[in-house]
Structures are given as C-alpha cells and as structure tokens.
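can you look at this prediction? I've put the sequence above it.
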Amino acid sequence: CFARCGASRVTALPGGGSRLAVPHAVDGPKVTLGVAWFIGLLLALSVSPILLSVILVPVAGAAAYQTARAWERHQPVDPVVAAVVGAGLAASAAAGATGLGVACVVAGLGAGVYGYSTTGSSRVPPLRAAELLLLAGWPVGLAAGSLLALALDQPQAFVSLVLLVSAYEVGDFIVASGSANAYEGPIAALAALALVAVGLHLVLPHPFTTTTMPVFAALAGVCAVLGQVGASGILPTGTAFAPGLRRLDSYLLAAPLWLLLIR
C-alpha cells in the first residue's frame, strides 16, 4: 500500500499494450503516503470504527472522480456525479452492511435516471452513460464501504485484511517497480502476504479459526491480484491517472467478499 500514485513505471501484462497494465509509482512521496494510509486506518479504528469514514469516504469520492475524468476524454461522464456515487456508497456503510446494500441498489437506479437525463446533451447513449457512472463510482464505493462495514461489525477481521493487503502491496511495489515483467511483483507480493498469514494463523483473531484463516488469507491474495488488474479494466487505459482508485484497487474484490463471507 506504499502509494502507487504520481508518476508511474508500468508493468504490462502478457501480450503487451497497456489496457490492463498495473502502474507502480517510482516518484513522489510514495512511502510517506503509504505509511500514512496504513497508520491512519489502524489509528482511526483504535479510536472508533466510525472514524474510518473520515478517511474512506473522501478516498472513494476522489477515486470515482478521477476515474470519471479519465473516461471524460473518451466518453463524457460527469466526474462530480461519479464522486457523489462513490462517496455516498462508502458513507452508507456507516449504517452497516445492510445500509451499504440498500445504497448499492439506489445507486443502480440513480445511474439509470442519470443516463436518460443526459439524452440530447451527450453523444453517449443513455445506457452507456449509466454504465460509465457506475463503473466510476460503484466499485470504489463498494470497496471503501465494505471496509467500513467490516470494521464496524468485525474490527479484528478488518485489521487482518489490512495487514494482509498491505503486505501484498509492499511486496508487489518493491519487486514490480523494478521488474520488466508482470509476474515477479505478484509472486513476491503473495509471498509477503503468506508470511503475514502465518502470523495471523498463530494469533487467530476473531472470528477466524484454524480452518478459516488460511482460506480467507488465500482469498485476500487472489482478490488482491485480480483487484489490481480489475482496476485497470475500469479505466480506459491501465496507465490513466487515478491514484485514488489505485489506493483501493487491492480491496475492490477482497473487502466485499470478506464482508459477505464473514457475515
């Protein structure tokens, strides 16, 4: 999680091109921002889980805004509306997983209304406009909201997920930022995650057991890999500037799945 934002070195996926490239920043205060993110999450949780919304809601809004801006050059979508969707979904998790689920449904309906409201003012068909709005705001809002809901319901599970994903991202950044291929980073990242998973298996934070902890750790690893690639798929090109999205990419699948399975 040590900040893949700012200027980037791109590790492309097999087959060449940058559509699903996963960029890794090599310039800027990458370590400082990453440490601040990691400490901020754990510190906010230690004070009160609801305080996490002060961190997660703005990040989700910024991620949605930046994603919409990246698409704006190709097919118009309102970045401000996208930011409202992303931040709104994240904030809805203050009411728990149920509140987040209701907000997801409302966001889908609202996106449909938004799409048809753009008829005549945009060259983008209504359904495509709605799709772009959801593409920009829904994944990041769901990821951030799932983290918040998980912290409210199972704080020890939240800490476990943050530790596992942070280990993954540190290993990935250290190796992938200097690698010429797409494989070394994820392999090193999964090795780092496995080390943390061993420690968690020894401690067994609530609500995990000796059986479920390895399963959830493996799930976090697979989802982190797919989340990074999926974030590139959300953007028009993998190298598009969207540091907010890259802050949440490893959680895009992991956080919702953990929340769903733990509940």
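Sure thing, it's come through. These figures come from a predicted structure and were not determined experimentally.

rest of the way, CA atoms for contacts and neighbours
Will do.

in this protein, which spans are helices?
Under the criterion DSSP state H, helices of the chain are mapped to 30-47, 53-72, 79-92, 96-117, 126-153, 155-176, 184-203, 212-234, 243-248, 254-262.

what is the fourth one packed up against?
Yep, that's helix 96-117 we're talking about. If contacts are counted by 3 or more C-alpha pairs under 8 Å, 6 or more residues apart in numbering; DSSP states H and E, helix 96-117 sits against helix 79-92, helix 126-153.

repeat for the fifth one
Contact here means 3+ C-alpha pairs under 8 Å, 6+ apart; on that basis helix 126-153 packs against helix 53-72, helix 79-92, helix 96-117, helix 155-176, helix 243-248, helix 254-262.

can you add mean neighbour count and distance to Ala197 and give these back as TSV?
Shown next, in TSV, are these (neighbours: other C-alpha atoms under 10 Å; distance: least, C-alpha to C-alpha, whole Å):
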stretch	mean neighbour count	distance to Ala197
helix 53-72	25	24
helix 79-92	27	27
helix 96-117	18	25
helix 155-176	23	7
helix 243-248	24	20
helix 254-262	19	15
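
mind putting those helices in JSON lines, distance to Gly233 and mean pLDDT included?
Shown next, in JSON lines, are these (distance: least, C-alpha to C-alpha, whole Å; pLDDT from 0 to 100):
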{"stretch": "helix 53-72", "distance to Gly233": "11", "mean pLDDT": "95"}
{"stretch": "helix 79-92", "distance to Gly233": "17", "mean pLDDT": "96"}
{"stretch": "helix 96-117", "distance to Gly233": "20", "mean pLDDT": "92"}
{"stretch": "helix 155-176", "distance to Gly233": "19", "mean pLDDT": "94"}
{"stretch": "helix 243-248", "distance to Gly233": "11", "mean pLDDT": "93"}
{"stretch": "helix 254-262", "distance to Gly233": "17", "mean pLDDT": "97"}
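
reformat the ones you listed as JSON lines; add distance to Thr32.
Below are these laid out as JSON lines (distance: least, C-alpha to C-alpha, whole Å):
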{"stretch": "helix 53-72", "distance to Thr32": "16"}
{"stretch": "helix 79-92", "distance to Thr32": "24"}
{"stretch": "helix 96-117", "distance to Thr32": "31"}
{"stretch": "helix 155-176", "distance to Thr32": "13"}
{"stretch": "helix 243-248", "distance to Thr32": "13"}
{"stretch": "helix 254-262", "distance to Thr32": "24"}
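
including distance to Ala21, could the helices of the chain go into JSON lines?
JSON lines is the format used below for the helices of the chain (distance: least, C-alpha to C-alpha, whole Å):
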{"stretch": "helix 30-47", "distance to Ala21": "19"}
{"stretch": "helix 53-72", "distance to Ala21": "15"}
{"stretch": "helix 79-92", "distance to Ala21": "23"}
{"stretch": "helix 96-117", "distance to Ala21": "28"}
{"stretch": "helix 126-153", "distance to Ala21": "18"}
{"stretch": "helix 155-176", "distance to Ala21": "12"}
{"stretch": "helix 184-203", "distance to Ala21": "13"}
{"stretch": "helix 212-234", "distance to Ala21": "6"}
{"stretch": "helix 243-248", "distance to Ala21": "12"}
{"stretch": "helix 254-262", "distance to Ala21": "20"}
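
how about TSV for the helices and strands packed on helix 96-117, with distance to Arg69 added?
Shown next, in TSV, are the helices and strands packed on helix 96-117 (distance: least, C-alpha to C-alpha, whole Å):
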stretch	distance to Arg69
helix 79-92	6
helix 126-153	9
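
nearest to Val203, out of these?
The minimum distance between Val203 and the helices and strands packed on helix 96-117 falls on helix 126-153, with 18.5 Å, by C-alpha to C-alpha.

quick check: mean pLDDT of the closest one?
Over the span of helix 126-153, the pLDDT mean works out to 94.
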